[in-house]
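J.: Here is my input; please provide its structure:
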Amino acid sequence: MNAVRDGGTVLVQNAYAPRVFLSVPLRDVFRRSITLRGSFSYCRANGRNDFRDAIDVIAKGGDWAVLMTRDRFPLSQLPQGLAALRGGSHQRPFKVLLTSST
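T.: Numbers count the residues shown, from 1 in each chain. Okay, here's the model as predicted:
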């Protein structure tokens, strides 16, 4: 929160544990016009680990692994990757992976 500029956005990912708290007064968030955005992706609950399960699916290979890993774009081509996801054809990517290569 201290690193974001006034009017900026802070993405809080996976704060799903019951005892996760905001460590700054909410007044500071409002005064600085900071946007807090939550993003839930992988979790560990009820003996499951979503991230480990996803890695297992990819490691086993097969049609799902191909589908989830075939469409790759270098980070510098993020706009093209997003455009591909928005495409209307039946060949639209299921998922787009961004890579560090150029």
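
J.: alpha carbons only for contacts and neighbour counts from here, please
T.: Fine.

J.: and the longest helix for this protein?
T.: If you go by DSSP state H, the chain has its longest helix at helix 50-60.

J.: list the helices and strands it packs on?
T.: Where contact means 3 or more CA pairs under 8 Å, 6 or more residues apart in numbering; DSSP states H and E, helix 50-60 is packed against helix 63-69.

J.: Rounded mean pLDDT for the helix it packs on, please.
T.: Average pLDDT, helix 63-69: 84.

J.: Which other helices and strands does whichever helix or strand comes after it contact?
T.: Using DSSP states H and E, the next helix or strand after helix 63-69 towards the C-terminus is strand 72-74. Contacts defined by 3+ CA pairs under 8 Å, 6+ apart place strand 72-74 against helix 78-86, strand 97-99.

J.: what lines up beside strand 72-74 in the sheet?
T.: Paired neighbours of strand 72-74 in the sheet (DSSP bridges): strand 97-99 (parallel).

J.: Would you indicate which residues of the strand it pairs with are buried?
T.: Going by neighbour count (16 or more other CA atoms under 10 Å), the buried part of strand 97-99 is residue 97.

J.: contacts for that strand?
T.: Under the criterion CA atoms under 8 Å, 6 or more residues apart in numbering, residues 69, 71, 72, 73, 74, 75, 78 lie in contact with strand 97-99.

J.: Now for these, which sits with the most neighbours around it?
T.: In terms of neighbour count, residue 73 stands highest of these at 19 neighbours, by other CA atoms under 10 Å.

J.: Pretty sure that residue sits against residue 95.
T.: No: using CA atoms under 8 Å, residue 73 makes no contact with residue 95, being 10.9 Å away.

J.: could you give the mean pLDDT of the longest helix of the chain?
T.: 83.

J.: do the same with stretch 88-96
T.: 82.

J.: Rebuild the helices and strands packed on strand 72-74 as a markdown table, extending it with distance to residue 39.
T.: As requested, the helices and strands packed on strand 72-74 are arranged in a markdown table below (distance: least, CA to CA, whole Å):
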| stretch | distance to residue 39 |
| --- | --- |
| helix 78-86 | 18 |
| strand 97-99 | 18 |
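
J.: centre of the chain versus stretch 86-102, how much separation?
T.: Relative to its chain's centre, stretch 86-102 lies at 15 Å (CA atoms, centre = their mean, to the nearest Å).
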